[in-house]
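> one predicted model, sequence on top.
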Amino acid sequence: MKGGHTLKVWARRPESVRPLVDAGARVFESPAELAGSVDVLVTVVADAPDVQAVMLGEQGVAQVHDRASWQWIEHHSAGRGAAYRD
C-alpha cells in the first residue's frame, strides 16, 4: 500500500485484518464480494473444511460469475494437497 497499490481483504475473524484496514486496506463482507473485485486473488486458509467454505461455500469465491479479469489465483494452506483436489 505504501507503494501506491490497493489491498482488498476479507477474513472470517475481522479482528485479524484490523491492522491492514487501519493501514488503508479495504475490507469486504464475503470472499465472493472480494473475489469479484480483484484481478489477483491470494487465499491463506488453514485446513480443508475452511478452504471448502471460502472457495465453494454460499458466499465463496466460486460464486463469482465474471472471472475473466482474474490474472492469478494463489492458495496457501497448512493442509495436505490431496484434500484440495476436488
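That came through fine. The model shown is predicted, which means the values in this text are computed figures rather than measured ones.

> bridging residues for residue 45?
Going by DSSP bridges, residue 45 is paired in beta bridges with residue 77.

> look up how far residue 2 lies from the residue nearest the centre of the chain.
Compute the mean C-alpha point of the chain, and by CA atoms, centre = their mean the closest residue is residue 43, 4.5 Å away. Distance of residue 43 to residue 2, given as CB to CB, to the nearest Å: 23 Å. The way it works is simple: take the backbone N, C-alpha and C, and place the C-beta from them, glycine included.

> also residue 75?
In terms of CB to CB, residue 75 sits 26 Å off from residue 2.

> of those two, which one has the most company?
residue 75 (14 against 6; other CB atoms under 10 Å).

> what's the longest helix in this structure?
When the chain is parsed with DSSP state H, its longest helix is helix 48-56.

> which strands and helices sit next to that helix?
Secondary-structure packing of helix 48-56 (3 or more CB pairs under 8 Å, 6 or more residues apart in numbering; DSSP states H and E): strand 40-45, strand 72-77.

> of those strands, which stretch is the most buried?
strand 40-45 (a mean of 15; mean count of other CB atoms under 10 Å).

> near residue 50, how many other residues are there?
By other CB under 10 Å, 15 other residues sit near residue 50.

> please name the residues that touch it.
The contact partners of residue 50, by CB atoms under 8 Å, 6 or more residues apart in numbering, come to residue 12.

> ok, it to residue 15 distance?
From residue 50 across to residue 15, the span is 17 Å (CB to CB).

> compute the distance from the centre of the least confident helix or strand in the chain by mean pLDDT to the centre of its chain.
Ranked by mean pLDDT, DSSP states H and E, the helix or strand of the chain with the weakest confidence is strand 72-77, at a mean of 80. Here strand 72-77 is found 9 Å from its chain centre; the criterion is CA atoms, centre = their mean, to the nearest Å.

> okay, the angle between it and helix 48-56?
Inter-element angle recorded for strand 72-77 and helix 48-56: 160 degrees (by axes from the mean of the first three to the mean of the last three CA atoms, to 10 degrees).
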